[in-house]
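Undergrad: structure of the sequence below:
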Amino acid sequence: MKIMYMNRRHGVVKLQVENLDDLWYLSGVINKGDLVRTKTERRIKAREDMARSKKGERRVFTLTVRVEKADFNPDSETYRISGIVEQGPEDLISMGSHHTFNVEKGTTLKIIKERWSSTDLDRLREAEKAARRPKILIVVVDEGEATFGLIRESKIEYHELSRSIGGKYDIRGRRERKMEFYGETAKFLSEMLSRENISAIIIAGAGFEKENFRRFLSEKYPELAERAVVENISSHGRNGVSEVMKRSKIKKIIEEITSARDVRLVHELLTEIGKGSGLGIYGLKDIETAAGLGAIKKLLVCDNFFLKNRKRLEDLMYMVKSARGEVHLINHRGEAGRQLNSLGGVAALLRYPGHQYGNK
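TA: The predicted structure follows:
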């Protein structure tokens with residue numbers, strides 16, 4: 001994300017969306033009642049077009065809407081905003097009418113709020129920093145199958161490639177098809193590297209295929225092989241990607257990436273709850289009590305729970321930060337978010353055991 005202009009006194013921020021992760025960050029910033037100004041398009045029909053059932057002409061113009069609803073869909077890579085038109089060319093659109101537009105990569109927009117909270121501003125700054133952080137690509141390789149896991153800020157993006165390489169008795173044909181499969185896998189890696197800021201490729205697998213594929217890269221795609229490290233695992237497919245992420249030496253590489261950090265934090269929380277140590281608690285009332293005592297080391301909040309309880313949680317976050325605790329918004333669409341939502345959407349890791357207010 002690129003923040004182009006900020007004026008807190010007038011409640012205005014102008015920014016440009018640079019990638020998919022920015023949309024996730026924005027989904028926690030833009031709220032009902034905010035004003036959003038951007039370029040959009042609408043099909044405009046002249047009277048003669050209406051009489052002849054023509055579709056009309058698409059016109060691009062700038063307008064401002066007061067947000068009524070916003071929805072982020074990571075699968076279609078769009079953030080859809082609907083609202084009431086407050087400003088715009090009156091010859092093209094009626095004031096007070098409804099309008100919906102998509103925010104996507106490359107969109108520039110101006111957000112106007114009555115008050116920008118510290119939580120909102122922190123989220124924008126985090127988006128700026130995240131754009132500079134390199135991503136990690138994990139490739140789990142098996143015979144004729146490759147699972148790609150791109151570790152984004154907002155999620156783990158999976159891609160699968162599967163090809164039939166033939167039976168073990170067709171040695172010559174099997175080798176040819178295996179080389180073709182390696183070539184397709186390498187081509188996909190090259191395409192991902194051309195459009196993403198990827199610092200390292202981790203090639204993993206349970207058998208010998210990972211070493212075979214690494215040798216293929218060294219011979220045919222040395223520029224890819226230079227970035228690749230090999231990791232032995234016992235799982236296949238997406239489970240293999242998860243196994244790689246939990247390895248201690250790999251965790252050090254990816255721990256700053258938000259989606260990987262989410263997994264690590266929720267795993268730490270569930271471990272403390274499972275041990276009954278009193279260092280992991282959940283439930284908003286107990287957590288507010290702990291925050292009042294300055295006992296919270298790390299506060300974990302699901303982003304969808306935050307949007308539903310914004311005012312109460314902003315007060316809680318302020319208390320935690322004032323006591324030098326950490327606040328982490330967890331993406332509810334990932335596995336870590338689903339686990340946190342099953343605990344009510346908010347939990348905390350404590351500085352010292354809190355059996356007196358924790359979950360018994």
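
Undergrad: distance of the residue nearest the centre of the chain from residue 23?
TA: Centroid-nearest residue in the chain: residue 154, 1.0 Å away (criterion: CA atoms, centre = their mean). Using CB to CB, to the nearest Å, one gets 8 Å for the distance from residue 154 to residue 23. Any C-beta I mention is one placed from the backbone N, CA and C, and that applies to glycine too.

Undergrad: what do you get for residue 103?
TA: 7 Å.

Undergrad: repeat that for residue 271.
TA: For residue 271, the distance to residue 23 - CB to CB - is 32 Å.

Undergrad: quickly list what's touching both of residue 103 and residue 23.
TA: 17, 78-79 (CB atoms under 8 Å, 6 or more residues apart in numbering).

Undergrad: how many neighbours does the residue nearest to residue 353 when sequence neighbours are not counted have?
TA: Closest residue to residue 353 apart from its sequence neighbours, by CB to CB, 6 or more residues apart in numbering: residue 278 at 3.2 Å. Neighbours of residue 278 under the rule other CB atoms under 10 Å: 18.

Undergrad: can you give me phi and psi for residue 278?
TA: Taking degrees, to the nearest 10, you get phi 80, psi 0 for the backbone angles of residue 278.

Undergrad: cool, and residue 328?
TA: Backbone torsions of residue 328, given as degrees, to the nearest 10, read phi -130, psi 120.

Undergrad: then residue 272?
TA: As for residue 272, its main-chain torsions (degrees, to the nearest 10) stand at phi -70, psi -40.

Undergrad: roughly how far apart are it and residue 288?
TA: 19 Å.

Undergrad: before we move on, what about residue 160?
TA: Residue 160 is 44 Å from residue 288, by CB to CB.

Undergrad: same deal with residue 223?
TA: 53 Å.

Undergrad: average model confidence for stretch 58-66?
TA: Stretch 58-66 comes out with an average pLDDT of 90.

Undergrad: in it, what counts as buried?
TA: For stretch 58-66, the neighbour count (16 or more other CB atoms under 10 Å) marks 63-65 as buried.

Undergrad: restricting to C-alpha, output it in PDB.
TA: In PDB, the C-alpha atoms belonging to stretch 58-66 read as follows (Å, rounded to 0.1, in the frame of the first residue of the first chain):
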ATOM      1  CA  ARG A  58     -19.500   3.300 -20.300                       C
ATOM      2  CA  ARG A  59     -18.300   6.500 -18.600                       C
ATOM      3  CA  VAL A  60     -15.500   6.900 -16.100                       C
ATOM      4  CA  PHE A  61     -15.900   9.600 -13.500                       C
ATOM      5  CA  THR A  62     -15.000  10.500  -9.900                       C
ATOM      6  CA  LEU A  63     -17.500  10.300  -7.100                       C
ATOM      7  CA  THR A  64     -17.800  10.200  -3.300                       C
ATOM      8  CA  VAL A  65     -20.000   7.700  -1.500                       C
ATOM      9  CA  ARG A  66     -21.000   7.300   2.100                       C
END
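
Undergrad: now do the helices in the stretch 1-150 of the chain.
TA: Using DSSP state H, counting those that start in this stretch, the helices of the stretch 1-150 of the chain run over residues 20-27, 47-51, 118-132.

Undergrad: other residues contacting the first one?
TA: With CB under 8 Å, 6+ apart as the test, helix 20-27 has contacts from 1, 17, 70, 72, 74, 77-79, 103-105, 123-124, 126-127, 130-131, 152-155, 258, 303, 331.
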